[in-house]
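Engineer: Only the shape, not the letters, is given here:
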């Protein structure tokens, strides 16, 4: 029966089902209480995991991508979604990370958010989830913009729902940066439509290639590419646009910080990669020289983010600045632009998406165990008070540093290997990787030593029994991290063949 | 007292010293300057530095904006001429929308056919953008803090200077006549969206405007009695779920090449154009509820 299901192509409907299910759950949660909304979100995230997983399996078996027209009208006229290997993989990954984040941050959500507003938290998670799916699966640039809007609004809501003053200020700053990014993206796609007359990826790519080779509208095309790329770069927090990060991630409830840094910024980056490969086409993008700009900003972000993290005075700010550095790695890889570098980029997206939520959530638990103090003096010995959170933070730090057996090591290894393809860039890449890794070691090990020194205080110790959900969710993420770190070959194959499908279409 | 790095390191390990504090915490930094005896001088220097970087920041901002505006203007100047036949946007996509739109969607209004049939997925997303905005505004503006001892919400005090339209005779008399017409016009724009310019977004905005006017003139309490939070929740829930379910039926049949029970009807009739009419009504309701609840939340922090 399963074989029939796979052969009949019924699975092609699954992305649509996942999207509609999210929308319906969000609307139904609107009239429910917090408890009901939370249960619906859990069920929804699990169901979507199954749906995306089946799509991934189906495409792995057939080895091809498919497009699915949303309605009765074929491609240039109607909307369309497409799924190769990377799309369902990242949709699945984002779903898992979201589920783990809200499971582990459940208790903090209950204390940080007023009871009569808690169901909105879960509505916004559902909406962020649908936006991520749509950004992964879309084959239409305007659909991408619409769901970027949903994503922006939902993430602002996830930040400001915490009932305090500072999160409001941080959310305002986040909103301003994000709206600038959305606006630039919209201007970019408007100009692109003006010179091509298409909105769907395959038709756009043909039109862009034809227009580029004819030489007409070169300037407009370069401005359009610049606006689109910088819009998405601002939204994902590339240096020098990372200044919203420390306040935003530092003040929000840990589950929100995990979702925002692990999932939402990665969704924008994935859309950017899709646009580079499937709209502009890789060769046109390389000819504009835009990749060198991304490369430079990526390198600068790696160093500046890490230095800011060293100077940060609180654990949440430090983790947030480290995000800026990791985004720098990703953009450096996009700037290198070879196939090997893109595989490293996908690994790094993956590594960061499963590691950063662990750091934020365990950081939040450690702060709670230290009586709410975020600075390093209060955090001393926190790992003795909450051993599970301490261990999780240590594992997360090791993965961020790039310690072998963790996924972070694999991505750094691939970055270093891909650097040798460039005669003039390889030294820069290798040096920056080395410097950045040393800086990472300095601040992550600094914190880890602080967490594990100091006197154990058995009376204030929080056992695993009181935080089962936190323990299960965080250690699931760490397990996935180690599993990928030990067996990276299947994912390398998946990323390589997924990229091949991007290039073919 | 200056300590060597090694002493600092061992102090740090014992929990007596913090490396990050002096850079991160301004209070700590000030404390450090105090016992060097140069506090005043350093403060003066900091103030000057701040003033200088403020000026530099403003100059750079203006410069950056000017360059950005210049680049955008130049890019727009090189865009293909609007309305010229060799415009790249004049292609098979536009041709089919204009020439066959009426036959394929049943809508005389081509724009309604485009947004609710050809590219309905985008519009589904747009209506959920409104829903997300309602959620975000409710989170931000819902006033749950001020409550009387018995638990009932305390009405927000009206600040002096805010015009009370309910006390203005001219506004009240004119509105009494005007509101029914605005409502009827909103319903007309809504129901006629597939035949003439208009549709869900504009009709819903008109209906929402009428509701806001009603609440302004007759007082929010009276409006809240008619349009309760419960009613708004029900309307939003049913419109959006209808929209999502109806459209997913049409996506599903369309993508799988299945026969659909939805027919386009005779173009020009009021009951035609398949799903476009009910979808317009659903979108209109959502837009109307969004606008009304925005007004109520901004005005007094709650709908009830």
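Structural biologist: Received it, and whenever you're ready, just let me know what you need. These numbers come from a predicted model, not from an experiment. Numbers count the residues shown, from 1 in each chain, chains lettered A, B, ... in the order given.
Engineer: For stretch A:108-119, buried residues please.
Structural biologist: For stretch A:108-119, the neighbour count (16 or more other C-beta atoms under 10 Å in any protein chain shown) marks A:108, A:109, A:112, A:113, A:117, A:118, A:119 as buried. Glycine gets a C-beta too; all of them are placed from N, C-alpha and C.
Engineer: Go through these and name the one nearest chain B.
Structural biologist: Among these, residue A:117 lies closest to chain B (C-beta to the nearest C-beta), at 5.6 Å.
Engineer: any idea how far the spatially closest residue to the closest one that is not a sequence neighbour lies from residue B:274?
Structural biologist: Nearest non-adjacent residue to residue A:117, counting by C-beta to C-beta, 6 or more residues apart in numbering or on different chains: residue B:139, 5.6 Å away. Distance of residue B:139 to residue B:274, computed by C-beta to C-beta, to the nearest Å: 37 Å.
Engineer: and the stretch 101-250 of chain B, which residues reach chain A?
Structural biologist: Contact residues, the stretch 101-250 of chain B versus chain A (C-beta under 8 Å from any C-beta of the partner chain): B:104, B:117-122, B:124-126, B:128-129, B:131-133, B:135-136, B:138-140, B:142, B:144, B:233-234, B:236-237, B:240-241, B:244-245, B:248, B:250.
Engineer: Among these, name the buried ones.
Structural biologist: Buried among those (16+ other C-beta under 10 Å): B:104, B:117-122, B:124-126, B:128-129, B:131-133, B:135-136, B:138-140, B:142, B:236, B:240-241, B:244, B:248, B:250.
Engineer: Could you list which of those residues belong to strands?
Structural biologist: Assigned to strands by DSSP state E, none of those qualify.
Engineer: coming back round to it: got a list of what the residue nearest to residue A:117 touches?
Structural biologist: Counting by C-beta atoms under 8 Å, 6 or more residues apart in numbering or on different chains, residue B:139 makes contact with A:117, A:120, A:157, A:160, A:161.
Engineer: Using the three-state scheme, assign residue A:80.
Structural biologist: Look at residue A:80: counting by DSSP: H, G, I helix; E, B strand; the rest coil, its state is strand.
Engineer: likewise residue B:264?
Structural biologist: Strictly by three-state DSSP, residue B:264 counts as coil.
Engineer: count of residues packed around it?
Structural biologist: By other C-beta atoms under 10 Å in any protein chain shown, the residues close to residue B:264 number 18.
Engineer: which residues does it contact?
Structural biologist: B:103, B:104, B:105, B:106, B:272, B:273, B:274.
Engineer: Quick check: residue A:299 touching residue A:433?
Structural biologist: No - if you go by C-beta atoms under 8 Å, residue A:299 and residue A:433 don't touch, sitting 9.6 Å apart.
Engineer: in the stretch 201-304 of chain B, which spans are helices?
Structural biologist: Along the stretch 201-304 of chain B, the stretches classed as helices by DSSP state H, counting those that start in this stretch are B:220-226, B:229-255, B:276-300.
Engineer: Mind listing what's buried along the first one?
Structural biologist: Read it as helix B:220-226. Applying 16+ other C-beta under 10 Å to helix B:220-226 flags B:220, B:223, B:224 as buried.
Engineer: Let me know the average pLDDT across that helix.
Structural biologist: Averaging pLDDT along helix B:220-226 gives 79.
Engineer: about what we covered before: as a markdown table, the buried residues of stretch A:108-119 with distance to residue A:494, secondary structure and pLDDT would be great.
Structural biologist: Listed next are the buried residues of stretch A:108-119 as a markdown table, based on distance: C-beta to C-beta, whole Å; DSSP: H, G, I helix; E, B strand; the rest coil; pLDDT from 0 to 100:
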| residue | distance to residue A:494 | secondary structure | pLDDT |
| --- | --- | --- | --- |
| A:108 | 34 | helix | 87 |
| A:109 | 33 | helix | 88 |
| A:112 | 37 | helix | 86 |
| A:113 | 37 | coil | 87 |
| A:117 | 40 | helix | 87 |
| A:118 | 37 | helix | 90 |
| A:119 | 37 | helix | 90 |
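Engineer: nearest to residue A:421, of these?
Structural biologist: Nearest to residue A:421 among those: residue A:108, at 44.6 Å, using C-beta to C-beta.
Engineer: Who are the contact partners of that closest one?
Structural biologist: Residue A:108 is in contact with A:253, A:254, A:255, A:364, A:368, counting by C-beta under 8 Å, 6+ apart.
Engineer: Next one: the helix or strand that contains the fourth one, is it in contact with chain B?
Structural biologist: Element membership of residue A:364 [criterion: DSSP states H and E] is helix A:339-369. No - under the criterion of C-beta under 8 Å from any C-beta, chain B is not reached by helix A:339-369; the shortest gap measures 15.1 Å.
Engineer: Next secondary structure element downstream of that helix?
Structural biologist: Past helix A:339-369, the next helix or strand by DSSP H and E is helix A:376-379.
Engineer: now that following helix: mean pLDDT?
Structural biologist: pLDDT averaged over helix A:376-379 gives 81.
Engineer: residues of that helix that come out buried?
Structural biologist: Applying 16+ other C-beta under 10 Å to helix A:376-379 flags A:376, A:378, A:379 as buried.
Engineer: Of these, which is the nearest to chain B?
Structural biologist: Using C-beta to the nearest C-beta, residue A:376 comes nearest to chain B of the buried residues of helix A:376-379, at 5.6 Å.
Engineer: Could you list the low-pLDDT ranges of chain B?
Structural biologist: B:1-3, B:14-16, B:18-42, B:144-162, B:304 (pLDDT under 70).
Engineer: Got the phi and psi for the closest residue to chain B within chain A?
Structural biologist: As assessed by C-beta to the nearest C-beta, chain B sits closest to residue A:313 within chain A, at 2.5 Å. In terms of degrees, to the nearest 10, the main-chain angles of residue A:313 are phi -90, psi -10.
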